[in-house]
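Colleague: My questions concern the predicted model and sequence given below.
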Amino acid sequence: MKKTVLILAILASFNANAWEACGTDAKGNTANCEYQIVNGTLTIRGTGNNGNIGSWSNGTGILAPWRGQDIRNIVIEDTIKDLGWQAFHGIKDEGILQIPSSITTISANAFYGAILNEVVIPDSVTKIDTAAFNWSDLKKINIPSSVTDIAEAFRGTSLTDVFIPDSVTNLGSATLSACESLLTLTISDKTALGHIFTEHGENMRVDLENLKIYCTGDTKKCDANLEAAGYGELKSIKATTKQVNGVTYVFDNKGKLVTTSGKRENRRFYTIEEASLVSKKTGNTFKLRYK
């Protein structure tokens, strides 16, 4: 009897961790992926030559098969080429979500309504499409210099400090509307601005009076871009950047650290340069070790 119970338990565990097909999406197309959920981690991998997660919408009554399940982390394998539409609506990631390097565009509405802490975008991505992270409770986004176009992508998020690299030539209208937690925005004089804080002709719940705009180029040009976008009352502050091991550090005109963009490698040893960039500017102390 004990042996039978043990076998049944093993089989039940195996079935619970088995890969399942993503199924047919809201458009009636078969999503070229499969998924499994183990201990709160949703892992998705591609099938076929061009793995796509499919386009899912709660407006049609068809939901992604992982919706409503106990998920705390998301792992997207690099066999996925297309993230799909509303594929992660309502899904939670409590850690750092790493977008795989197989992705070149963050699809429209891909993470709409998700519950996200921090997202790291690889340098394979060139575009962040419309509503990609809208109303996602996103707190931090790391945008690489490969990105050239950002549409209305962060509306209603919980972002506090946003760094837009100078590779971005266009920052679309309503991109940061309804971002009530926004404290700083770092932009380049090379970036054309839409009505980034405006939605339907009105500034939407962004504290423009206390918002600090940092400019990594010519502040006069940044101010001109802000005025052209309808924000002539905003004046930029000169900022400088420094890149160390894939991380961009942004400093204001007094040398104070404003924000960072990029993910530091998780390793035991850090260079003195890396540690000093943070410790000198924020007052934190580090116990340095020498190799």
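Modeller: Cool, got the structure.
Colleague: which residues of the stretch 101-250 of the chain fall in helices?
Modeller: Secondary structure of the stretch 101-250 of the chain (DSSP state H, counting those that start in this stretch): helices at 219-228.
Colleague: How about the contacts made by residue 149?
Modeller: Residues near residue 149 by C-beta atoms under 8 Å, 6 or more residues apart in numbering: 126-128, 168-170, 172. Where you see a C-beta, it was placed from the backbone N, CA and C, and this is true even at glycine.
Colleague: cool, and residue 228?
Modeller: For residue 228, the contact set (C-beta under 8 Å, 6+ apart) comprises residue 193.
Colleague: Compute the distance between residue 173 and residue 194, please.
Modeller: According to C-beta to C-beta, to the nearest Å, residue 173 and residue 194 sit 3 Å apart.
Colleague: Please report how far residue 23 lies from residue 92.
Modeller: 21 Å.
Colleague: Point out where the stretch 101-250 of the chain drops to low pLDDT.
Modeller: Residues of the stretch 101-250 of the chain meeting the criterion pLDDT under 70: 200-204.
Colleague: swap the cut-off to 90 and go again
Modeller: Within the stretch 101-250 of the chain, the stretches with pLDDT under 90 are 198-206, 243-247.
Colleague: ok, the nearest residue to residue 92 once chain neighbours are set aside - contacts?
Modeller: The shortest distance from residue 92 to any non-neighbouring residue, by C-beta to C-beta, 6 or more residues apart in numbering, is to residue 115 (4.1 Å). Applying C-beta under 8 Å, 6+ apart, we find residue 115 in contact with 90-93, 136-137.
Colleague: Also residue 188?
Modeller: Contacts here follow C-beta under 8 Å, 6+ apart; on that basis residue 188 touches 164-166, 168, 215-217, 222.
Colleague: mind running it again at 6 Å?
Modeller: By C-beta atoms under 6 Å, 6 or more residues apart in numbering, the contact list for residue 188 reads 166, 216-217.
Colleague: Any idea how many residues pack against residue 123?
Modeller: Neighbours of residue 123 under the rule other C-beta atoms under 10 Å: 12.
Colleague: Go ahead and confirm it touches residue 148.
Modeller: No. Look at residue 123 against residue 148 with C-beta atoms under 6 Å: they stay out of range, at 11.8 Å.
Colleague: picking that back up, show me the one in the contacts of residue 115 that has more neighbours than the rest.
Modeller: Within the contacts of residue 115, most neighbours by other C-beta under 10 Å means residue 136, with 29 neighbours.
Colleague: isn't it right up against residue 114?
Modeller: Yes. If you go by C-beta under 6 Å, residue 136 and residue 114 touch, sitting 4.6 Å apart.
Colleague: Pull out the buried positions in stretch 56-75.
Modeller: Along stretch 56-75, these residues count as buried under the neighbour rule (16 or more other C-beta atoms under 10 Å): 56-57, 62-66, 71, 73-75.
Colleague: Could you do stretch 97-110 as well?
Modeller: Buried residues in stretch 97-110, defined by neighbour count with 16+ other C-beta under 10 Å: 97-100, 102-103, 105-110.
Colleague: And it, end to end?
Modeller: In stretch 97-110, first residue to last residue: 13 Å (C-alpha to C-alpha, to the nearest Å).
Colleague: please begin residue numbering at 15 from this point
Modeller: New numbering, starting at 15: the last item is stretch 111-124.
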